[in-house]
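Enquirer: Sequence plus the predicted model coming up.
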Amino acid sequence: MARAVETNADLAIDLNADLGEGAGDDAAILDVVTSASIACGGHRGDAASMREAVALAHARGVVVGAHPSYVDVEGFGRRRLDVPADVLLAQLLAQVRALAAAAGAVGSSVRFLKAHGALYNAAMVDDGVAAVVLDAAEQALPAPLPVLGLPGSVLERSARERGVDFVAEAFADRASAPDGTLLARSEPGAVLTDPVEVAARAPGLAARARTVCVHGDSPSALVLARAARAGLEAGGLVVRAFLRA
């Protein structure tokens, strides 16, 4: 079966943002990025916000992905929860399908899956959690969804073993730990807020990733998104979605 994910042979790079979280100027950020992971009810988002975010993305030609999480509105999905695998899978399936329904209502569709927060971090290092995320990617919709994650992670290895499309991701506004995982937000320097620094480091991220993320929930999200895009383009990279239209 032909893969939907494009290669990086022509030095193209995707710029994605996590949106639909009620935290920033989604419309303005969507003018900058080429794909968007939309919160679908686990940590943020409801039917109205999902429909609005997908409509904004669709109008701009931005590729839409599902951004499911632990069911943890209070903790913004940033607390790792001890959830049985079957329960977690049911939660993720419900979230992705809810977003798919919202997308279908505006003539769009869900094209990839990117876990949020603590679920994302757990899937990078934990075989069991990675398996559940991949189960969700394979089962939520009629066709399997590509999954985003850190290069060299457990999720990448598991996805390749199962034949699920994996898209390596790097973060323009987050620092990494020596083992390649994201540095905990509680650590000094973990969250980058200087647009000059973000622009400068963005081109180097393309060497190991197919998509670069900027978070949409920070006060300076729009400024950082613009800085990341400017940095990528200044580095000679073509910014475009990692999926074919």
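Expert: That came through fine. Predicted, not measured: the structure shown is a model, and the values here were computed from it.
Enquirer: how far does stretch 211-219 stretch from start to finish?
Expert: One end of stretch 211-219 sits 22 Å from the other (C-alpha to C-alpha, to the nearest Å).
Enquirer: Enumerate the positions of the helix or strand harbouring residue 56 that are buried.
Expert: Assigned by DSSP states H and E, residue 56 belongs to helix 47-60. Neighbour counts over helix 47-60 (16 or more other C-beta atoms under 10 Å) mark 49, 50, 51, 52, 53, 54, 55, 56, 57, 58 as buried. Bear in mind the C-beta positions are built from the backbone N, C-alpha and C, glycine included.
Enquirer: how far away is the last one from residue 68?
Expert: Residue 58 is 20 Å from residue 68, where distance means C-beta to C-beta, to the nearest Å.
Enquirer: again with the fourth one
Expert: In this structure, residue 52 and residue 68 are 18 Å apart, going by C-beta to C-beta.
Enquirer: before we move on, what about the fifth one?
Expert: In this structure, residue 53 lies at 14 Å from residue 68, with C-beta to C-beta as the measure.
Enquirer: Same check on the first one?
Expert: Counting by C-beta to C-beta, the gap from residue 49 to residue 68 is 14 Å.
Enquirer: my guess is residue 173 contacts residue 224, does it?
Expert: Yes. Here residue 173 lies in contact with residue 224, judged by C-beta atoms under 8 Å, at a distance of 5.3 Å.
Enquirer: between those two, what contacts are shared?
Expert: Listed as contacting both residue 173 and residue 224 by C-beta atoms under 8 Å, 6 or more residues apart in numbering are 192, 193, 198, 214, 215, 218.
Enquirer: Run a quick neighbour tally on residue 63.
Expert: 24 (other C-beta atoms under 10 Å).
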